[in-house]
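Colleague: Sequence isn't available, so here's the structure alone:
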């Protein structure tokens, strides 16, 4: 359990501990805390506080520190990104060293609503509007799963009340100090304005995220199946039947093309919507011989009713 | 062309007239203006102004009035809804009496962004987040199509600049005065705050709406096809194969159930997400004999691997 010392993660820890103690959940809890060193002595005090909370509950605690400010300077990331990278790297290490299969974080509906709004502002498309997922594999091997058990039902306020009911104190969440400027403004300006329209906006956005995640999953499933059919008999998958791609709804075609390019190239780096739209026009075009150049030097062309992927030969 | 006299609709009218005059579009333009009588003498002056603009362009104009405030009182709708009903009823009549197949309205990307945000605040799900569609049949017979040619590319500011470039004046849009309180606040408070995060938020939200509309279309197409398969050989469509519904992604299952109930009942009135979720649990349940009551007295039950719809016998 990732525990910062703030109300969200302390509530998660106390709740899990209660469920484990009363035999309602069969699990072994390990507390993990990364000191981000962003607030000097106060950060160190948080780390000590989490360690003593774990001790008072009779749970093992792993507490480490990372100079996030220095990391951010080196990598060019903002503080929030840099803190996240450091934290997830640390959590994965702790999970592996304890043979843990689950890492639990205390993201609430409030965090979800903020993420949805940040992605709406960025224009990040339907996948981004779905926000954070409640469960995902932390790495490619799938050994460790990241779970957010509070995401779909608990608000920040719920965790604060729970902490108050269970004990006398908890820390001010250190995370609040290394949030990006955008997230701080979404939390302190945008959400309050939206609450003046709809007092349950946090719950509403969280439900919307769930529905959009379900839509996204259904479309990805269909796009994946479409690719399978369009590549029939060609296990390499570098040709696709172009007529099949033309008759499906546009959302499905674009998803299938994106998925296909991701598989052919190994990643989606620097691939933009404009490339997908160019390939779509190539599909519908009556001229032949044209090729669409992709970032990195690979290209896509149409020949004999098939769409072909040609890797960068120089690479 | 629906012309209020504001910059949006005047720009649309002038642009269409220019395209028709220079032979780039083959169409006959009829100007339609409904005086909503919301601002006394100023409303009447707008109506006269639109009539004289049409006359100066050599175009026929149909100008009528409707006491929207009185209509709203009678129907219990708010002013914006009431004005919209009156306006679309009027536009449809004008279209029919002139054998017009298209009604054009001047909704811009700004109107689209506002609609997306209003629906986000309401929590109206993925269809609502797609906002207004650029084309839709105005009525069940499909004789008249409503088209919004500016929706995907022109901002309110673009229409204002175009009007300035083309002539000396246009009217302050009467529509601004009968907007709902929510829309006024979205326009005057929420959009400016969002612009402080992303100066192109109007364009961003408009693109997002397009992507979500495409997703929605793809999912509806798939749900409709799923229903067809699940009802195979039973043209009445009041039984569905339940195992088929269980193996598809949840978004598809819920859409298919909603579509099915809409067809069986003739409408979706008073049908809530909770009813869809109950039917979903019925599908997955191992018990038999349970039935889900729907508003209005019809019910859904499972028997012999099929989901059955039973109409209200009393009705």
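Modeller: Looks like it came in fine. Keep in mind that this is a model prediction, so the values were computed, not measured.
Colleague: where does the stretch 51-200 of chain A come near chain B, residue by residue?
Modeller: For the stretch 51-200 of chain A, the contact set with chain B under Cβ under 8 Å from any Cβ of the partner chain comprises A:120-123, A:125-126, A:129, A:182, A:185-186, A:189-190, A:193-194, A:197-198. No exception for glycine: its C-beta is placed from N, CA and C like everyone else's.
Colleague: Just the ones of these in strands?
Modeller: Per DSSP state E, strands hold no members of those.
Colleague: Go ahead and build a ChimeraX selection from the buried members of those.
Modeller: Of those, the buried ones can be selected in ChimeraX as follows, counting by 16 or more other Cβ atoms under 10 Å in any protein chain shown:
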select /A:120,121,123,125,126,129,182,185,186,190,194,197,198
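Colleague: ok, so of the residues of the stretch 51-200 of chain A next to chain B, who is nearest residue A:67?
Modeller: When those are ranked by distance to residue A:67 (Cβ to Cβ), residue A:182 comes first, at 23.3 Å.
Colleague: Not counting sequence-adjacent ones, nearest residue to that closest one?
Modeller: Closest residue to residue A:182 apart from its sequence neighbours, by Cβ to Cβ, 6 or more residues apart in numbering or on different chains: residue A:118 at 5.9 Å.
Colleague: buried ones in the host helix or strand of the one you found?
Modeller: Following DSSP states H and E, one finds residue A:118 within helix A:109-122. Within helix A:109-122, the residues that count as buried by 16+ other Cβ under 10 Å are A:109-121.
Colleague: mind giving me JSON lines with those and columns for pLDDT and distance to residue A:147?
Modeller: Converted to JSON lines, the buried residues of helix A:109-122 look like this (pLDDT from 0 to 100; distance: Cβ to Cβ, whole Å):
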{"residue": "A:109", "pLDDT": "98", "distance to residue A:147": "16"}
{"residue": "A:110", "pLDDT": "97", "distance to residue A:147": "18"}
{"residue": "A:111", "pLDDT": "96", "distance to residue A:147": "14"}
{"residue": "A:112", "pLDDT": "97", "distance to residue A:147": "14"}
{"residue": "A:113", "pLDDT": "98", "distance to residue A:147": "19"}
{"residue": "A:114", "pLDDT": "97", "distance to residue A:147": "19"}
{"residue": "A:115", "pLDDT": "96", "distance to residue A:147": "16"}
{"residue": "A:116", "pLDDT": "97", "distance to residue A:147": "19"}
{"residue": "A:117", "pLDDT": "97", "distance to residue A:147": "23"}
{"residue": "A:118", "pLDDT": "96", "distance to residue A:147": "22"}
{"residue": "A:119", "pLDDT": "96", "distance to residue A:147": "21"}
{"residue": "A:120", "pLDDT": "97", "distance to residue A:147": "25"}
{"residue": "A:121", "pLDDT": "97", "distance to residue A:147": "27"}
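Colleague: residues near residue A:234, how many?
Modeller: Neighbourhood size, residue A:234 [other Cβ atoms under 10 Å in any protein chain shown]: 12.
Colleague: for it, what are its contacts?
Modeller: The contact partners of residue A:234, by Cβ atoms under 8 Å, 6 or more residues apart in numbering or on different chains, come to none.
Colleague: So it, which state does it fall into?
Modeller: coil (DSSP: H, G, I helix; E, B strand; the rest coil).
Colleague: So what's the gap between the helix holding residue A:118 and the chain middle?
Modeller: Averaging C-alpha positions (Cα atoms, centre = their mean, to the nearest Å) puts helix A:109-122 12 Å from its chain's average.
Colleague: could you check the angle helix B:109-122 makes with it?
Modeller: 170 degrees (axes from the mean of the first three to the mean of the last three Cα atoms, to 10 degrees).
Colleague: helices or strands next to helix A:109-122 in the packing?
Modeller: helix A:125-129, helix A:156-166, helix A:181-185, helix A:191-195, helix A:201-230, helix B:201-230 (3 or more Cβ pairs under 8 Å, 6 or more residues apart in numbering or on different chains; DSSP states H and E).
Colleague: Reformat these as CSV; add distance to residue A:56 and mean pLDDT.
Modeller: Below are the helices and strands packed on helix A:109-122 laid out as CSV (distance: least, Cβ to Cβ, whole Å; pLDDT from 0 to 100):
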stretch, distance to residue A:56, mean pLDDT
helix A:125-129, 40, 86
helix A:156-166, 12, 93
helix A:181-185, 32, 88
helix A:191-195, 34, 97
helix A:201-230, 32, 94
helix B:201-230, 48, 94
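Colleague: Reformat these into TSV and put distance to residue A:34 next to each item.
Modeller: Output for these, formatted as TSV (distance: least, Cβ to Cβ, whole Å):
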stretch	distance to residue A:34
helix A:125-129	26
helix A:156-166	20
helix A:181-185	19
helix A:191-195	27
helix A:201-230	26
helix B:201-230	34
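Colleague: could you pull out the helices for the stretch 1-150 of chain A?
Modeller: Along the stretch 1-150 of chain A, counting by DSSP state H, counting those that start in this stretch, helices occupy A:7-21, A:41-57, A:68-75, A:79-97, A:109-122, A:125-129.
Colleague: Show me how far the last one is from its chain's centre.
Modeller: Which is helix A:125-129. 11 Å.
Colleague: The residue nearest to residue A:223 when sequence neighbours are not counted: what's it in contact with?
Modeller: Counting by Cβ to Cβ, 6+ apart, residue A:255 is the residue found nearest to residue A:223 once chain neighbours are left out, at 3.8 Å. Neighbouring residues of residue A:255 by Cβ under 8 Å, 6+ apart: A:219, A:220, A:222, A:223.
Colleague: now the second one, nearest residue through space, not along the chain?
Modeller: Think residue A:220. Closest to residue A:220 by Cβ to Cβ, 6+ apart is residue A:255, at 6.6 Å.
Colleague: Following the chain past the helix or strand where the one you found lies, name the next helix or strand.
Modeller: Assigned by DSSP H and E, residue A:255 belongs to helix A:250-265. Counting by DSSP H and E, the element after helix A:250-265 in chain order, helix or strand, is helix A:273-284.
Colleague: Return the distance of stretch A:263-276 from the chain's centre.
Modeller: Offset of stretch A:263-276 from its chain centre (Cα atoms, centre = their mean): 19 Å.
Colleague: whoops, stretch A:105-124 was the one
Modeller: Relative to its chain's centre, stretch A:105-124 lies at 10 Å (Cα atoms, centre = their mean).
Colleague: ditto for stretch A:259-278
Modeller: 20 Å.
Colleague: Show me which residues of it are buried.
Modeller: Neighbour-count burial for stretch A:259-278, with 16+ other Cβ under 10 Å as criterion, is recorded at A:259, A:260, A:261, A:264, A:265, A:271, A:275, A:276, A:278.
Colleague: so which of these would you say is closest to residue A:135?
Modeller: Nearest to residue A:135, judged by Cβ to Cβ, of the buried residues of stretch A:259-278 is residue A:259 at 21.1 Å.
Colleague: and residue A:244, how many residues sit next to it?
Modeller: If we define neighbours as other Cβ under 10 Å, then residue A:244 has 18 of them.
Colleague: and it, what does it touch?
Modeller: A:226, A:229, A:230.
Colleague: Checking my notes, it in a helix, right?
Modeller: Yes - assessed with three-state DSSP, residue A:244 lies in a helix.
Colleague: re the thing from before, ok, of the buried residues of stretch A:259-278, which one's closest to chain B?
Modeller: residue A:276 (11.5 Å; Cβ to the nearest Cβ).
Colleague: Correct me if wrong: that closest one contacts residue A:258.
Modeller: Yes - counting by Cβ atoms under 8 Å, residue A:276 does reach residue A:258; the two are 5.9 Å apart.
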